[in-house]
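> Give the three-dimensional model of this entry:
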Amino acid sequence: MDKIILLVEDNPDDEMLTIRALKKNNILNEVVVARDGVQALDYLFGEGEHAGRDVSIQPQVILLDLKLPKIDGLEVLKRIRSDERTKLLPVVILTTSNEQRDMISSYELGANSYIRKPVDFDQFMDAVRQLGLYWLVLNEFPTPRDSH
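Numbering: from 1, shown residues only. A predicted model of the protein is given here:
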């Protein structure tokens, strides 16, 4: 089964940059892009435009921007953590925010990692490579069978 990456990002440049960095690092996982908080939650919970999606197939990792239209990243994170079906999913915050408050709130709400988006592409490439190696290769994750 393919490991899906859910990228929640409203900036088309950042979206392209992230996908390019993943490809350049040979991270060929399917990337599902949600461009606002509502789309992200609809995808995860099989609602709205994703009604009927098999929600037993969840992303291996969620790359979540904080500054999103409709529902912001922290609210998306809160809803992910408060639902049985998604509460264990690894969530990596990818943001340009350098507000200490955002970082603290992210961790308080259960983010697994917080990465400030560097403007430098090489730095970003490196961050994405390590992210891929860790979350898609090394990280062990309970399958639904393990929890019974």
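> Kindly check the end-to-end length of stretch 21-37 for me.
The first and final residues of stretch 21-37 sit 23 Å from each other (CA to CA, to the nearest Å).
> What lies in contact with it?
2-10, 15, 19, 40, 42-43, 59-60, 68-73, 75-76, 121, 124-125, 128-129, 132, 136 (CB atoms under 8 Å, 6 or more residues apart in numbering). Where C-beta positions appear, they are placed from N, C-alpha and C, glycine not excepted.
> My read is that residue 47 contacts residue 41, right?
Yes. Assessed by CB atoms under 8 Å, residue 47 is found in contact with residue 41 at 7.3 Å.
> Neighbour count: the two, which is higher?
Between residue 47 and residue 41, residue 41 has the larger neighbour count (other CB atoms under 10 Å), namely 22 against 14.
> now the strands for this structure?
Using DSSP state E, the strands found in the chain span residues 5-8, 31-34, 61-64, 91-95, 113-116.
> Okay, now the sheet partners of the second one, with direction.
For strand 31-34, the paired strands and their directions (DSSP bridges) are strand 5-8 (parallel).
> so how far is the strand it pairs with from its chain's centroid?
In this view, strand 5-8 has its centroid 4 Å away from the chain centroid, taken as CA atoms, centre = their mean, to the nearest Å.
> And the contacts of that strand?
15, 18-19, 22, 27, 29-35, 37, 39-40, 43-44, 59-65, 68, 73, 76, 136.
> Look up how far residue 88 lies from the nearest residue to residue 14 once chain neighbours are set aside.
Spatial nearest neighbour of residue 14, chain neighbours left out: residue 117 (6.7 Å); criterion: CB to CB, 6 or more residues apart in numbering. Distance, residue 117 to residue 88, by CB to CB, to the nearest Å: 25 Å.
> Of those two, which one has the most company?
Neighbour count, other CB under 10 Å: between residue 117 and residue 88, residue 117 has more, with 20 against 15.
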